[in-house]
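Undergrad: Starting from these lines, generate the structure:
(one chain, ligands or ions: 1)
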Amino acid sequence: METFDRIGVSLVIGRREGYRFWDVDGRELLDLHLNGGTFNLGHRHPRLVKALIDGVQQWDVGNHHFPSEPRSLLAEDLAALSPSGALGRVVFTPSGTEAIDVAIRSARWATGRRRILSYDCAFHGRAGLGAAAGDDKTATLFHSTDPDFTKIPFDDLQALESELEKGDVAALLCEVIPATAGFRMPDTPDYHRRAKELCERHGALFIADEVQTGLGRTGTLWAVDGFGVVPDVLVTGKGLSGGLYPIAAVLLDETASGWMEVDGWAYISTFGGSELGCVVAREVLTMCTSSETQENVRRVADLYHRGLAELAERHRTVAEIRQRGLVIAIRLHHPWGGPVLARHLFANGVWAMFCGFEPSSIQWKPGLLVDDRFVDESLERLDKALQQAAGELESDQAP
Ligand code: PLP
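TA: Modelled structure (predicted):
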């Protein structure tokens with residue numbers, strides 16, 4: 001909050017609908033952050049609102065000690081949609097952070113090892129094992145850094161192998177396209193597939209954190225599908241909730257889910273797999289996997305690809321556009337270009353988030369269902385913001 005005020009973005013969100021929201025004074029903003037993909041299908045999509053309202057006539061949070069119809073149906077859907085259908089067991093949690101916790105614990109159980117590798121530019125949540133796996137700042141603040149977590153550079157197979165060779169690694173926790181680091185894509189050919197092979201060779205599991213990249217955003221349901229990787233564990237959250245009812249999930253293969261046979265209560269949570277969250281999430285999956293949505297993602301990705309290339313050509317402050325489907329980042333030459341551009345976009349009626357671990361960049365995260373008018377409007381506003389920011393972006397002053 002304090003960070004946003006410092007860069008000149010002061011916002012209290014009021015009304016919201018589709019891919020637009022209005023601040024409490026009634027000023028309209030296009031949502032190009034979507035809270036990390038939570039609103040992939042738009043704010044308060046009528047189909048999702050209906051699923052929730054219909055659901056509440058029959059269901060509630062449910063009792064987490066017993067089987068439940070909505071929970072079982074969602075688990076079946078997720079297992080069937082998992083990479084190669086190989087992750088046949090599902091654990092529900094109230095948040096992505098807690099899902100990461102379960103993923104790590106499952107890997108530790110399956111391997112009998114404690115050490116976790118993760119990328120030094122990744123984000124996995126702000127509590128427990130997820131916080132320990134991400135950027136050290138939060139863990140340090142709370143005196144809770146953890147020696148069982150080792151951070152390695154992204155896109156560096158040698159660094160990965162030299163840690164795996166020590167023989168004590170339970171898992172590589174992989175944020176498939178690190179969002180906070182500006183949606184970095186691996187340069188190494190076949191990077192993720194080769195990383196998975198190295199994990200297999202050294203007896204470690206591969207956990208895919210798809211909290212941001214999953215549910216159709218990259219052009220495939222899961223980003224790992226597009227990279228040709230079948231992980232041992234996959235974590236999804238944010239958009240699974242439809243932006244209406246908190247729910248996240250961990251998809252596990254047979255080995256990683258073995259602990260359930262030993263102690264089915266080893267992880268349970270009152271709100272994990274809340275039945276109302278499950279009915280909304282089933283509708284989310286139906287919508288994300290429909291051919292209309294997939295076709296729209298391809299079409300809109302192509303429109304942005306061309307539109308952003310044209311803007312990058314005209315605005316010499318733009319260094320690079322990174323894109324995979326609707327996972328897009330704009331990197332500026334200025335080391336603090338992200339916050340500067342975020343402020344100018346905000347003034348022009350666009351909310352887009354700068355990248356915390358790579359402040360030269362901004363995330364440009366359109367929804368899966370946006371139409372041509374939205375694409376045109378957002379590109380026009382970006383064009384204006386880049387023109388207005390040019391002076392600042394060409395100086396060497398930090399904002
Ligand atoms: N993993 C990634 C990649 C995320 O972006 C986030 C949240 O931003 C999390 C995990 C944690 O999810 P949650 O905020 O639901 O706890």
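
Undergrad: from the chain's centre, how far out does stretch 17-30 sit?
TA: On the basis of C-alpha atoms, centre = their mean, to the nearest Å, stretch 17-30 sits 23 Å off its chain's mean C-alpha point.

Undergrad: Any buried residues in it, and which?
TA: 18-21, 23, 29-30 (16 or more other C-beta atoms under 10 Å). All C-beta spots, glycine's among them, are computed from the backbone N, C-alpha and C.

Undergrad: Same question for stretch 363-377.
TA: 363-370, 374-375, 377.

Undergrad: cool, stretch 343-357 as well?
TA: Per 16+ other C-beta under 10 Å, stretch 343-357 contains these buried residues: 343-346, 348-357.

Undergrad: which residues touch that stretch?
TA: The contact list for stretch 343-357 (C-beta atoms under 8 Å, 6 or more residues apart in numbering) reads 7-9, 11, 21, 27-33, 121, 123, 135, 178-183, 329, 338-339, 341-342, 361-365, 378, 381-382, 384-386, 388-389, 399.

Undergrad: What parts of the chain come near the ligand?
TA: 36, 95-97, 100, 123-125, 175, 179, 209, 211-212, 237-238, 248 (C-beta under 6 Å from any ligand atom).

Undergrad: Next step: these restricted to helices.
TA: If you go by DSSP state H, these have 36, 96-97, 100 in helices.

Undergrad: Any idea which residue of the protein lies closest to the ligand?
TA: Using C-beta to the nearest ligand atom, the closest approach of the chain to the ligand is made by residue 96 at 2.4 Å.

Undergrad: Hmm, residue 248 and that residue touching each other?
TA: Yes. Using C-beta atoms under 8 Å, residue 96 makes contact with residue 248 at a distance of 4.9 Å.

Undergrad: any residues in contact with both of the two?
TA: Common contact partners of residue 96 and residue 248 (C-beta under 8 Å, 6+ apart): 211, 235, 237-238.

Undergrad: in the chain, which spans are strands?
TA: 13-17, 20-23, 28-31, 89-93, 115-119, 149-152, 169-175, 205-209, 233-236, 248-252, 318-324, 327-332, 350-351, 361-364 (DSSP state E).

Undergrad: Give me the below-cutoff pLDDT ranges for the stretch 1-150 of the chain.
TA: The model of the stretch 1-150 of the chain has pLDDT under 70 over residues 1-2.

Undergrad: er, the stretch 151-300 of the chain I mean
TA: In the stretch 151-300 of the chain, no residues with pLDDT under 70.

Undergrad: Helices of that one, residue ranges please.
TA: Counting by DSSP state H, counting those that start in this stretch, the stretch 151-300 of the chain has helices at residues 157-164, 191-201, 223-226, 259-262, 275-288, 291-314.

Undergrad: Show me what the fifth one is packed up against.
TA: Packed against helix 275-288 by the contact rule (3 or more C-beta pairs under 8 Å, 6 or more residues apart in numbering; DSSP states H and E) you find helix 46-56, helix 69-81.

Undergrad: Most tightly packed of those helices?
TA: Sort these by mean neighbour count, taking mean count of other C-beta atoms under 10 Å, and helix 69-81 sits at the top with a mean of 18.

Undergrad: That one to helix 46-56, inter-axis angle?
TA: When axes from the mean of the first three to the mean of the last three C-alpha atoms, to 10 degrees is applied, the directions of helix 69-81 and helix 46-56 differ by 140 degrees.

Undergrad: Format the buried residues of stretch 363-377 as a markdown table; extra columns: pLDDT.
TA: Shown next, in a markdown table, are those (pLDDT from 0 to 100):
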| residue | pLDDT |
| --- | --- |
| 363 | 97 |
| 364 | 98 |
| 365 | 97 |
| 366 | 98 |
| 367 | 98 |
| 368 | 98 |
| 369 | 98 |
| 370 | 98 |
| 374 | 98 |
| 375 | 98 |
| 377 | 98 |
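
Undergrad: Mind checking which of the residues you listed land in helices?
TA: Judged by DSSP H, the buried residues of stretch 363-377 include 374-375, 377 as members of helices.

Undergrad: Distance to residue 334 for the residues you listed - can I get that in CSV?
TA: Listed next are those as CSV, based on distance: C-beta to C-beta, whole Å:
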residue, distance to residue 334
374, 27
375, 26
377, 25
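
Undergrad: With respect to residue 84, which of those residues is nearest?
TA: residue 375 (33.2 Å; C-beta to C-beta).

Undergrad: Skipping its backbone neighbours, what lies nearest the closest one in space?
TA: Excluding the flanking residues, the one nearest residue 375 by C-beta to C-beta, 6 or more residues apart in numbering is residue 303, at 4.8 Å.

Undergrad: how close does that neighbour get to residue 341?
TA: Using C-beta to C-beta, to the nearest Å, one gets 20 Å for the distance from residue 303 to residue 341.

Undergrad: quick one: which of those two has more around it?
TA: Taking other C-beta atoms under 10 Å, residue 303 and residue 341 do not tie; residue 341 has more neighbours (30 against 17).

Undergrad: my read: the more buried one touches residue 330, true?
TA: Yes. Look at residue 341 against residue 330 with C-beta under 8 Å: they come within range, at 7.3 Å.

Undergrad: hmm, back to that, and the furthest pair within the buried residues of stretch 343-357?
TA: The most widely separated members of these, counting by C-beta to C-beta, are 349 and 357 (26.8 Å).

Undergrad: so how far is stretch 313-328 off the chain centroid?
TA: What separates the centre of stretch 313-328 from the centre of its chain is 19 Å, taken as C-alpha atoms, centre = their mean.

Undergrad: Kindly report the same for stretch 333-352.
TA: With C-alpha atoms, centre = their mean, you get 21 Å for stretch 333-352.

Undergrad: Show the end-to-end separation of that stretch, please.
TA: With C-alpha to C-alpha, to the nearest Å as the measure, stretch 333-352 spans 18 Å from end to end.

Undergrad: follow-up on the earlier one: and the residue nearest to residue 375, what pLDDT?
TA: Listed pLDDT for residue 303 reads 98.

Undergrad: that older thread, what subset of the residues of the chain next to the ligand is buried?
TA: For those, a burial check counting by 16+ other C-beta under 10 Å picks out 36, 95-97, 100, 123-125, 175, 179, 209, 211-212, 237-238, 248.
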